[in-house]
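Chemist: Take this sequence and fold it.
(2 chains)
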Amino acid sequence: MVGDDLLNANKVTVSFLIDGEWQTGIYDVDLDIAHGEVLALVGESGSGKSTFATSVIGLHNPNQTKVTGSITLDGKELIDLPDEEQNKIRGEKIGMVFQDPLAALNPLMKIGQQIQEALDIHDVYQKDQYYDRVIELLNDVGIVNPQRTANQYPHELSGGMRQRVIIALAIANDPDLIIADEPTTALDTTIQAQILDVLLEIRDRKDTGILLITHDLGVVAEVADSVAVMYAGQIVEKAPVQELFENPLHPYTRSLLRSNPKAEQADDELYVIPGTVPALSEMDHHKDLFLQRVPWMQDQADEDISDDLVEAKPQHFVRGNAWKTFEFQDEKG
Amino acid sequence: MADEILRLEGLKVHYPIRSGFWNRVTDNVKAVDGVDLNLKQGETLGLVGESGSGKSTLGKVIVGLEDMTEGDLIYQNEDLNSAAERRRVKYNKDVQMIFQDSLSSLNPRKTIYEIIAEPIRNFDPMDPVDEDKRVRELLDIVGLPQRTVFQYPFQFSGGQRQRIGIARALATNPRLIVADEPVSALDLSVQAQVLNFMKKIQKELGISYLFISHDLGVVRHMTDNIAVMHHGRLVEKGTREDIFENPQHIYTKRLLAAIPSVNVSERAENRARRKQIEQEFDDRFNEFYDGEGMPLPLVQLSETHYAALPKQSEKE
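Modeler: Here you go, the predicted model:
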């Protein structure tokens, strides 16, 4: 199912101009997504997951944001593309699904018109094919009565239906890559399951690569092929999904997995990660920043570590050295 | 278990739809349509269901933010159906709420001190020295540093703001707190903090919670008993074990099957099972719901377990 490389991000660093100073929000991120692969990017709010996505599609403000490194899609460099070319890539090569489906739809346009507009901007389909294509797309995302939905306004649809429409818009021009930023966070569990099914079906049919940004570990475990864990703007661990859940290495990954409520320990106290993500100005990306939040490993928190991830096991990459000795306090013998 | 603190009987909340000539009432939206519930002292009751099921409306009726159309609200054996009666028994002081969105539920122009002191001034006015002491004590309880007392809500992180909301709810020494999705906007690590904290103060202060959430993982962690709501009615209620180990209603089964599992090796099976249950839900919808798409009345299955099952499966 997983084929050749589709997206290659290489040493991507993003800085923001804050109060006249450049501050680094994302540092040295390497990520690859193959055709037909679902890569989940996980982390807390403020870890830089969404920033990474906006730099891939060039939605950042160029006056206040500096992106360096290289992001290629099928070999074509995306960083610093001129606007016209950028616009061509967005929608035609990369489709986007955002968290809030109501904010992403025009309230004054019928669903069918909005999808036609997306088709009209790119020349993938001929004008006389538009209507059929709209119906086909709505059908593809599991809308039962596409003719009727095409004729409705966004406010007439439920949250789950709107998110299906957003996905239909994202795939309108058969993109190679879908970036889904928290696509199910605003939805009920039952609807979430259906939306994830829709994304996976599209992947199976069209071999689309999917960058799934989420903070929900359950969602990751259900749909991802591989996982990258982000903390304070850096990837701290990267592995195939099963390996990551069964054998997490980095202290941050292990802490996150441990704070997720589990059925077996319903009455125990949940594990709490002390402290918070450091402010941008306080991020020294040459250190293992998560160790600031591990009181019993302060001796390693000031150590400079390599920018490169270590391949601890085949296909399983982890940052720094702390994973070799990390233990939860109650596990220490 | 301990004494009953709150009982709802036949609670209905209908919103009129007006249209036509003279703008007459032509129909009603039945947000809550006949709910019976009871809550014991020191207990956590989970109320689950999808958005639009009426669970938040029910919570709002309990704290008095929404009026009921019909039914009884019985608090410590007193039937409270008017605002005057609620004031008489200090109901509004005893019953408080924690909201989902901590930013929009805190006044941005007030300091933390003023936010927490407001319910004290409303219900329990005291002299400024005592008030100051009480506010600082509450900050201590929720684990916020004293120096934050004159800061504004935007200066706090989401988890800290949620704790300010909890401090405000605790200010009047309530007996019952309605928590409407208290952690759904929070990151995992912060969520763990808030949940642990809610459990801790429950143990110390003996508070009851009505815990409203659509996240069944969190509900399983927090609650003793669970009520499942769909289309404005309860479809099943029972102990945590009844609901999670032995669900009877197709809707409960469907909710449970949709919880994403972190067990990667079984995801194909989980998915197949979920699809099968979704199919069963569609196929058997008419058995479990009446002609108007409303759930059937609850049937008692065991001492603790109730479900809205069709007549024939009662014998099973």
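Chemist: element containing residue 15, please.
Modeler: In the absence of a named chain, chain A is used. strand A:5-18 (DSSP states H and E).
Chemist: not quite, I wanted chain B
Modeler: Counting by DSSP H and E, B:Tyr15 is part of strand B:4-19.
Chemist: For that strand, list the C-alpha coordinates in PDB.
Modeler: Taking Å, rounded to 0.1, in the frame of the first residue of the first chain, the C-alpha atoms of strand B:4-19 are listed here in PDB:
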ATOM      1  CA  GLU B   4     -29.900  11.200  47.400                       C
ATOM      2  CA  ILE B   5     -29.100  14.800  46.600                       C
ATOM      3  CA  LEU B   6     -31.000  15.400  43.400                       C
ATOM      4  CA  ARG B   7     -33.800  13.700  41.500                       C
ATOM      5  CA  LEU B   8     -35.400  14.700  38.200                       C
ATOM      6  CA  GLU B   9     -38.800  13.300  37.300                       C
ATOM      7  CA  GLY B  10     -40.300  13.500  33.800                       C
ATOM      8  CA  LEU B  11     -38.100  16.500  32.900                       C
ATOM      9  CA  LYS B  12     -39.100  18.100  29.600                       C
ATOM     10  CA  VAL B  13     -37.600  21.100  27.800                       C
ATOM     11  CA  HIS B  14     -39.400  22.100  24.600                       C
ATOM     12  CA  TYR B  15     -38.600  25.000  22.500                       C
ATOM     13  CA  PRO B  16     -41.600  26.400  20.500                       C
ATOM     14  CA  ILE B  17     -41.300  26.800  16.800                       C
ATOM     15  CA  ARG B  18     -43.300  29.800  15.600                       C
ATOM     16  CA  SER B  19     -44.500  30.300  12.100                       C
END
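Chemist: Excluding residues flanking it in the chain, which one is nearest A:Glu117?
Modeler: Nearest residue to A:Glu117, sequence neighbours excluded (CB to CB, 6 or more residues apart in numbering or on different chains): A:Met109, at 7.5 Å. Using the backbone N, CA and C atoms, a C-beta is placed for each residue, glycine as well.
Chemist: B:Ala31 falls within a strand, correct?
Modeler: Yes - per DSSP: H, G, I helix; E, B strand; the rest coil, B:Ala31 lies within a strand segment.
Chemist: So it is in contact with B:Gly232, correct?
Modeler: Yes - using CB atoms under 8 Å, B:Ala31 is in contact with B:Gly232, at 5.7 Å.
Chemist: mean confidence score for whichever strand or helix holds A:Met161?
Modeler: Here A:Met161, judged by DSSP H and E, is contained in helix A:159-170. For helix A:159-170, the mean pLDDT works out to 89.
Chemist: Packing partners of that helix?
Modeler: With contacts taken as 3 or more CB pairs under 8 Å, 6 or more residues apart in numbering or on different chains; DSSP states H and E, helix A:159-170 sits against strand A:94-97, helix A:111-121, helix A:130-140, helix A:189-206.
Chemist: Dump it to PDB, restricted to CA.
Modeler: What follows is helix A:159-170, C-alpha atoms only, in PDB (Å, rounded to 0.1, in the frame of the first residue of the first chain):
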ATOM      1  CA  GLY A 159     -21.200  19.100  11.700                       C
ATOM      2  CA  GLY A 160     -20.300  15.700  10.300                       C
ATOM      3  CA  MET A 161     -21.900  16.500   6.900                       C
ATOM      4  CA  ARG A 162     -20.000  19.700   6.700                       C
ATOM      5  CA  GLN A 163     -16.700  18.000   7.400                       C
ATOM      6  CA  ARG A 164     -17.600  15.500   4.600                       C
ATOM      7  CA  VAL A 165     -18.100  18.500   2.300                       C
ATOM      8  CA  ILE A 166     -14.700  19.900   3.300                       C
ATOM      9  CA  ILE A 167     -13.100  16.600   2.500                       C
ATOM     10  CA  ALA A 168     -15.000  16.600  -0.900                       C
ATOM     11  CA  LEU A 169     -13.500  20.100  -1.500                       C
ATOM     12  CA  ALA A 170     -10.100  18.900  -0.500                       C
END
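Chemist: does any bit of the helix or strand following it sit next to chain B?
Modeler: Using DSSP H and E, the helix or strand that follows helix A:159-170 in sequence is strand A:177-181. No - contact of strand A:177-181 with chain B (CB under 8 Å from any CB of the partner chain) is absent, the minimum separation being 15.0 Å.
Chemist: now strand A:177-181 against helix A:189-206, angle please.
Modeler: 170 degrees (axes from the mean of the first three to the mean of the last three CA atoms, to 10 degrees).
Chemist: Who does strand A:177-181 pair with, and is each partner parallel or antiparallel?
Modeler: strand A:94-97 (parallel), strand A:209-214 (parallel) (DSSP bridges).
Chemist: Now tell me which helix or strand of chain B has the poorest mean pLDDT.
Modeler: Lowest on mean pLDDT, DSSP states H and E among the helices and strands of chain B sits helix B:83-88, with a mean of 80.
Chemist: what's next to that helix, contact-wise?
Modeler: Applying CB atoms under 8 Å, 6 or more residues apart in numbering or on different chains, the external contacts of helix B:83-88 come out as B:Gly64, B:Glu78, B:Asp79, B:Leu80, B:Tyr91, B:Asn92.
Chemist: Who wins on neighbours among these?
Modeler: Top of these by neighbour number is B:Tyr91, holding 22 neighbours under the definition other CB atoms under 10 Å in any protein chain shown.
Chemist: got the contact list for it?
Modeler: Counted by CB under 8 Å, 6+ apart, B:Tyr91 has contacts B:Gly64, B:Tyr75, B:Leu80, B:Glu85.
Chemist: Closest one of those to B:Pro119?
Modeler: B:Gly64 (13.5 Å; CB to CB).
Chemist: Surely that closest one touches B:Asp94?
Modeler: No - using CB under 8 Å, B:Gly64 makes no contact with B:Asp94, being 11.3 Å away.
Chemist: tell me the pLDDT at A:Tyr27?
Modeler: 92.
Chemist: Distance of it relative to B:Glu241?
Modeler: From A:Tyr27 across to B:Glu241, the span is 48 Å (CB to CB, to the nearest Å).
Chemist: the more surrounded of the two?
Modeler: A:Tyr27 (22 against 13).
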